[in-house]
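In: Next comes the sequence, and after it the predicted model I'd like to discuss.
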Amino acid sequence: MFTPANIGPLLTRLRHVIPVFVLLLLAMPRLHSAEPTAPQQSVIVVVGAPGEEEYGRSFTQWAASWEKAAKQGGAQCTVIGLESGGSNTDREQLQKQLATEPKERAELWLVLIGHGTFDGKEAKFNLRSNDVAATELLGWLQPFRRPVAVINTASASAPFLQKLSSTNRVVITATRSGSEVNFARFGQYLSTAIGDTTADLDKDGQTSLLEAFLMASRQVKEFYDIEGRLATEHSLLDDTGDALGTPPDWFRGVRASKSAKDGAALDGFRAHQFHLVRSAAEQKLPAGVRARRDELEREIINFRTSKAKLSEEEYYQKLEVMLLELSRLYDSAEKKP
């Protein structure tokens, strides 16, 4: 992410190639005040049918870790699937909860903990009564315009990525195909990584969803290596809306170093903007400032791919426009009482 500390040096280097009249134009005020209070994120944790008592205990622990992280981050948290005697309503409760959630607001996190199935056509997440299919969940999420993260930690979860991939959405699955049907341990490690600052790769004081994904994936690999067993789960992340997904070993730090042969956009940057537990500095940013900051960062990342099509002067002129606005955003936040 771009921070006040690294924007300054970038602007200094750019000014060696930008005409003076452009800098004067860019210096004109452009920022409007943003609201001081950030709306709450929402976390919906759905615990599926355990099948066996041992799995049930594990799923309960994983859900508790998500609740703890949500509380620490000041997010609203709803857990579905642990109520005694509520097995006939888990599906209806999930559908109702999604229907009542605001469609425009801060991030919505939907976490599925349990088992899954895939019959070659439709993937399903196993609930205590009627399962929920990826196609059904797609319809329930259709009205949302707010950022959404769908995290399916179940076996056979990969088809959920292909089905739910969309713009302004992060989709994570524990498997890379619907044929990986064995119990997935990815959910265990992700539930602890999301609130663990040791997963903070870029050292900005907070752990992003991307960083938690990478840490959890590494821990899954270490488990199978130590046990001397063939891995039966391989996690994927998609946040560009192309439904392709990127495996964790394609990343170096928080940046994907590989891409699909057809030149598909690199995954990871949007997921790196999702933070359930924000740093103290991030919490001080007004919601409008944070939203515009994230939007500008995405514009810069996308713009960099067009460098070869522009002259050097034109490229750096346009880049400085965006970097200066980023700088003003941080300045405006610092000046607020």
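Out: Alright, I've got the coordinates. Numbers count the residues shown, from 1 in each chain.
In: Can you tell me the element the nearest residue to Arg145 once chain neighbours are set aside falls in?
Out: Among residues not flanking Arg145 along the chain, Glu104 sits closest, at 5.0 Å (CB to CB, 6 or more residues apart in numbering). In short, each C-beta sits where N, CA and C put it, glycine included. Secondary-structure assignment from DSSP states H and E places Glu104 in no helical or strand segment.
In: So Glu104 sits against Pro147, correct?
Out: No: between Glu104 and Pro147 there is no contact under CB atoms under 8 Å: 10.0 Å.
In: Comparing the two, which shows the higher neighbour count?
Out: Neighbours were counted for Glu104 and for Pro147 using other CB atoms under 10 Å; Pro147 has more, 21 against 9.
In: residue contacts, the nearest residue to that one once chain neighbours are set aside?
Out: Counting by CB to CB, 6+ apart, Pro147 lies nearest to Glu107, which is 4.5 Å off, once chain neighbours are set aside. By CB atoms under 8 Å, 6 or more residues apart in numbering, the contact list for Glu107 reads 41-42, 146-149, 274.
In: repeat for Thr60
Out: The contact partners of Thr60, taken as CB under 8 Å, 6+ apart, are 47, 82.
In: Just to be sure, it is in a helix?
Out: Yes: assessed with DSSP: H, G, I helix; E, B strand; the rest coil, Thr60 lies in a helix.
In: confidence score at it?
Out: pLDDT, Thr60: 98.
In: any idea how far it is from Leu214?
Out: Note on Thr60: its distance to Leu214, by CB to CB, to the nearest Å, is 26 Å.
In: Let's have the contacts of Glu107 in a markdown table, adding secondary structure.
Out: Output for the contacts of Glu107, formatted as a markdown table (three-state DSSP):
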| residue | secondary structure |
| --- | --- |
| Gln41 | coil |
| Ser42 | strand |
| Arg146 | coil |
| Pro147 | coil |
| Val148 | strand |
| Ala149 | strand |
| Phe274 | coil |
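In: got those residues as TSV, with pLDDT and distance to Ser332 columns?
Out: Listed next are these as TSV, based on pLDDT from 0 to 100; distance: CB to CB, whole Å:
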residue	pLDDT	distance to Ser332
Gln41	95	23
Ser42	97	27
Arg146	95	23
Pro147	96	22
Val148	98	28
Ala149	98	28
Phe274	97	23
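In: on contacts alone, who are the packing partners of the host helix or strand of Glu297?
Out: Glu297 is part of helix 287-304, with elements assigned from DSSP H and E. Under the contact definition 3 or more CB pairs under 8 Å, 6 or more residues apart in numbering; DSSP states H and E, helix 287-304 sits against helix 312-335.
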